[in-house]
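[1] okay, predicted coordinates and the sequence, questions at the end:
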Amino acid sequence: MKILKKRIYILSVSFILIPFFLGAQFYNRNTYRTQRNEITFGVGASACLTDVGGGKESEESFFGNSARGFLFDLNTDQTKFAANFSYIYYLKGNLTFRVNLAYAKISGNDESTEDLSRKMRQLNFETDIFEGSGVFEWILVQEKSGNRYNLKNKFGKSIGASNPLGFGLYIFGGVGGFFYEPYAVDNFTGTKIKHKLRPLRTEGQGILDPNDPFYVKYENSKGKEIDYSKFAFPLNKTYEKFAVCIPLGIGIKKSFHGTAGIKLEAGFRFTRTDYLDDVSTRYFNPETLLAWHNDFDGPNSATMSGTNYMLNPEDGIFSVIVKYGNSPPTSADYTSLGIVDGSLSEISNQDFVNTYGEGWYSADFYKTAPGQIRGNPTNLDSYMFLTLSAYKKFKNTQKSFKIANSSLKRKIKASF
């Protein structure tokens, strides 16, 4: 009985939807041949998913074990603006190629998050985005303009296509590139001065060799493991101002007549960088930053890194289990590693040793001390736009015709 009801439901939905899609394909099947070119101007909102800011704490997250829960990690108070221009060429009735230019601002601020560990960092950023991309649009449902002149027959009934809504639906995907250069406001000294972050190398980018002991593999008993040497920059190198993005999204169109209308589009950009916010790996030693810069950028670099040796013990310390093997750090290394004095001790519990092996230690760390987690290099940054645009199609009506089996062409002469 259940199977029969399921089949009846599927057939009913099919009878409702199939005519709709067939009608959409028939209605504009050949229109694109005379309207291959289209331009679009739009404005809207922008947002991003980076290491700065974010949503709730891990325990309260929708995803349970990660506070960075995709769109659930957005901070609406950090919404900025976006503007775009597009040129579209119709390859087929349901397939177009689009060249897109966009400008936007994106930002993040740890003051916006409810996650205590991120809130204590006091980090923030903002950057301009200049993007260029090429994408393909696949039109699932053609927009319809309906009866353009509202013509009626002698009985008062509308003639032409009856179409009360006429919304179109499309999806898109492609590849692009964008320019960015993050800057931040100094929240640490109270001056509120803006600083460009890339020149400051706040995480020591390119200051130490990738084989330096600072870039050791991080691992703990919870199964997390990051080899920081894979994310270290060669000496004297840092991240680029240009990065690749993969735009994906969906849009709806509404035509007011045959050649113009509006559309609402939501587009997500996956990127190939983790430095939209200048935050990716771990806190760097501020003394090394001061020595490397050796100019007025030194103090700014140390300040804007947010690195600190001492914090309020009530909320600035966390306890972890780490593996040091047979070479645990000495007390002389505690300050540079951010270890609280007297807190390091080897785990001797036999059940733990039998499960995880020897060489594990428990220790208390200052959360923003050198070597501690500042970001997550395994999660690349991303940004997104929601835009409302106006579009205009241009007709390319044929101005001549060719006589069959002849090399002659004759111009079409208007008769009105």
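    Everything's here; your move.
[2] adjacent strands (with direction) for the helix or strand I106 falls within?
    Using DSSP states H and E, I106 falls within strand 95-109. Applying DSSP bridges, strand 95-109 is found paired with strand 80-92 (antiparallel), strand 124-141 (antiparallel).
[3] bridging residues for E38?
    In this entry, E38 is beta-bridged to I88, K393, by DSSP bridges.
[4] which residues sit in contact with P210?
    Residues near P210 by CB atoms under 8 Å, 6 or more residues apart in numbering: S229, A232, F233, P234. C-beta here means a position set from N, CA and C on the backbone, and glycine is covered the same way.
[5] and for the last one, the neighbour number?
    A count of neighbours around P234, defined by other CB atoms under 10 Å, yields 10.
[6] quick one, what contacts it?
    P234 sits next to G206, P210 when contact means CB under 8 Å, 6+ apart.
[7] now the one 5 residues further on
    Neighbouring residues of Y239 by CB under 8 Å, 6+ apart: R198, Q205, F233, T273, Y275.
[8] just to be sure, it is in a helix?
    No: with DSSP: H, G, I helix; E, B strand; the rest coil as the criterion, Y239 is coil rather than part of a helix.
[9] re earlier: which parts of the strand holding I106 are buried?
    By 16 or more other CB atoms under 10 Å, the buried positions in strand 95-109 come out as T96, R98, N100, A102, A104, I106, S107, G108, N109.
[10] what is the nearest of the residues you listed to I139?
    T96 (7.2 Å; CB to CB).
[11] flag every buried residue along the helix or strand just after the strand holding I106.
    Remark: after strand 95-109, the chain's next helix or strand is helix 116-119, criterion DSSP H and E. Across helix 116-119, burial judged by 16+ other CB under 10 Å covers S117, R118, K119.
[12] again, but for stretch 251-264
    By 16+ other CB under 10 Å, the buried positions in stretch 251-264 come out as G251, K253, K254, S255, G258, T259, G261, I262, K263, L264.
[13] and the residue nearest to E240 when sequence neighbours are not counted, how many neighbours does it have?
    Distances taken as CB to CB, 6 or more residues apart in numbering place T273 nearest to E240, at 7.8 Å, with adjacent residues excluded. By the measure other CB under 10 Å, the count of residues near T273 is 18.
[14] didn't T273 look like it was pressed against N379?
    No: taking CB atoms under 8 Å as the definition, T273 is not a contact partner of N379, at 11.5 Å.
[15] and of the buried residues of strand 95-109, the nearest to N326?
    Each of the buried residues of strand 95-109 was checked against N326 using CB to CB; the closest is G108, at 41.2 Å.
[16] now for that closest one: which residues touch it?
    So G108 contacts C48, T50, V52, G53, G54, N75, Q78, N124, F125, D277 (CB under 8 Å, 6+ apart).
[17] could I get the pLDDT score of it?
    Here, the pLDDT recorded for G108 equals 93.
[18] for the one 10 residues further on, same thing?
    Per-residue pLDDT puts R118 at 79.
[19] could you find the closest non-adjacent residue to it?
    Counting by CB to CB, 6+ apart, the residue nearest R118 is D110, at 5.3 Å.
[20] residues near the one you found, how many?
    As a burial measure, D110 scores 23 neighbours (other CB under 10 Å).
[21] quick thing: my sequence starts at 476, can you match it?
    Sure, I'll start counting at 476 from here, so that last one is D585.
[22] F600 is in contact with that one, correct?
    No: in this structure D585 lies outside contact range of F600 using CB under 8 Å: 9.9 Å.
[23] so what sits against both of these two?
    Both D585 and F600 are contacted by V527, under the criterion CB under 8 Å, 6+ apart.
[24] distance-wise, check A558 relative to I814.
    Using CB to CB, to the nearest Å, we find A558 at a distance of 49 Å from I814.
[25] those two: which is more packed in?
    A count of neighbours by other CB under 10 Å puts I814 above the other of A558 and I814, at 23 against 16.
[26] in the sheet, who's paired with the more buried one?
    F840.
[27] correct me if wrong: D684 contacts L710.
    Yes: taking contacts as CB under 8 Å, D684 lies within contact range of L710: 6.0 Å.
[28] out of these two, which sits in the more crowded spot?
    Taking neighbours as other CB under 10 Å, D684 and L710 compare with D684 leading, 13 against 10.
[29] export the buried residues of strand 570-584 to JSON lines and tack on distance to N760?
    Formatted as JSON lines, the buried residues of strand 570-584 follow (distance: CB to CB, whole Å):
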{"residue": "T571", "distance to N760": "53"}
{"residue": "R573", "distance to N760": "47"}
{"residue": "N575", "distance to N760": "43"}
{"residue": "A577", "distance to N760": "39"}
{"residue": "A579", "distance to N760": "35"}
{"residue": "I581", "distance to N760": "29"}
{"residue": "S582", "distance to N760": "28"}
{"residue": "G583", "distance to N760": "25"}
{"residue": "N584", "distance to N760": "25"}
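[30] now, among these, which is nearest to G832?
    Closest to G832 out of the buried residues of strand 570-584 is G583 (39.1 Å), distances taken as CB to CB.
[31] circling back: return the subset of the buried residues of stretch 726-739 lying in helices.
    Within those, no residue falls in helices by DSSP state H.
[32] of all the residues you listed, which two lie farthest apart?
    Counting by CB to CB, the most remote pair of these is G733 and L739, 20.0 Å apart.
[33] hang on, the earlier thing: quick one: contacts for the residue nearest to E715?
    Applying CB under 8 Å, 6+ apart to T748 gives the contacts Y714, E715, A718, L855, D856.
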